[in-house]
Structure formats: structure tokens, C-alpha cells
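next come a sequence and a model predicted from it.
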Amino acid sequence: MSKKLILLFLLSGICMIGQTKKNSNLETYTSRKKVYEIKYAPERWIRADTSDWDVEFHDQYNLVTAYFIEYDYFISDKKLKSTIEDEYKEFGKIKNLKIYKKKIKDLNVNYFECELDYNDMLYKYQGFFYSGKGGSIQMQFGAQAEAIEQNQALIDELNNGISILN
């Protein structure tokens, strides 16, 4: 009986070590100015290079897309609404735009949420702007409304992966 317990204890310890290694398997994207980095789990977020943004990520099912960009200028609080509206104008008019202050790790950001009716489908977008060293950054998430709601924890995980490099 005690041999079975010891064997069971050893097996559970090995499983826990495997889980820890899997959870700590993070990759890092460093921004082009080398001011910010984003740590992400490649089994949940797939990185893709893009011409419109500095980097793009999408979840493993390709339901939620995240975009990151560094601007060489500061975006003032007064310009946030018009900046967001300009981003979507070729797709239609955004609705229910909310902008509020939020703390993500050590960053105090201007977080936004909005909706866009495009081709008779409701899309939701959320993300943030942060002005800091060297200009501003933007992180944005977009998907059909149902995908955003079901994947909010995944979105929060990637948001919390961003940090300022010293």
C-alpha cells in the first residue's frame, strides 16, 4: 500500500512539473523602438507580422485578433475619440464607444470599447492607448461580439503581458 502511495505521489509531482514548464513557455515580442515588450503564450496566441501594424496576434482558433503599434508621436486624451473613429471609418460608423482610465500592470492607460456593424455582423473592439517613452502605443482586440465575450480572459492575459523595458 505504501509503495502505491509513493508511486502515486511521484507521478503527480512529475505531472505538476510538466504543467509548470508548459505554463512558463512564454515568447516575447519586443517593440521596434525596444521600449515595450509583450510576453505571450504561443499555444494560445499565434504571432503574425503585418504591414499595417507592428505586430498582430490571433488566438488558436482565429476568432480574436490583437494588433499592436507604436506611434512616433503622442496621442492626447482630447484626440482619442477622433483617432478611434478614424481607424474604423472605412468599415462604417462605430457605436457605443466608451473610453475610460484603466491600470494594466504598471501602465495607466486609456481603455476603449466599441461596436461596429459590418456586413450585417456585430463586431466588438477593445484595447488601449498609452503615451510614454518615445510616443504612444496602441493595443487593440477585435472579433465578432460573441468571440470577444467568450475570450475575455484570453484578452486580459495578452494585455497583462505588456511591459516597459528599462
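Yep, it's here. Values in this document were obtained by computation on a predicted structure and should not be read as measured data.

only alpha carbons, please: show stretch 132-142 as PDB.
Extracted in PDB, the C-alpha atoms of stretch 132-142 (Å, rounded to 0.1, in the frame of the first residue of the first chain):
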ATOM      1  CA  GLY A 132       5.000  57.200 -22.700                       C
ATOM      2  CA  LYS A 133       8.600  57.000 -23.600                       C
ATOM      3  CA  GLY A 134       9.100  57.800 -27.300                       C
ATOM      4  CA  GLY A 135       5.500  58.400 -28.200                       C
ATOM      5  CA  SER A 136       2.300  56.300 -27.900                       C
ATOM      6  CA  ILE A 137       1.300  52.700 -28.200                       C
ATOM      7  CA  GLN A 138      -1.900  51.000 -29.000                       C
ATOM      8  CA  MET A 139      -3.100  47.500 -28.400                       C
ATOM      9  CA  GLN A 140      -6.500  46.600 -30.000                       C
ATOM     10  CA  PHE A 141      -8.600  43.400 -30.000                       C
ATOM     11  CA  GLY A 142     -11.300  42.700 -32.400                       C
END
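
for that stretch, which outside residues touch it?
With CB atoms under 8 Å, 6 or more residues apart in numbering as the test, stretch 132-142 has contacts from 31, 33, 35-36, 64-75, 87, 107, 123-130, 148, 155, 158-159, 162, 164. All C-beta atoms are positioned from the backbone trio N, CA, C, and that covers glycine.

hang on, A147 is in a helix, isn't it?
Yes: when DSSP: H, G, I helix; E, B strand; the rest coil is applied, A147 is found to be in a helix.

show me what contacts the closest residue to it other than its chain neighbours?
Leaving aside its sequence neighbours, A147 sits nearest to L63 (CB to CB, 6 or more residues apart in numbering; 4.0 Å). By CB under 8 Å, 6+ apart, L63 lies in contact with A143, Q144, A147, N151.

7 Å instead?
L63 is in contact with A143, A147, N151, counting by CB atoms under 7 Å, 6 or more residues apart in numbering.
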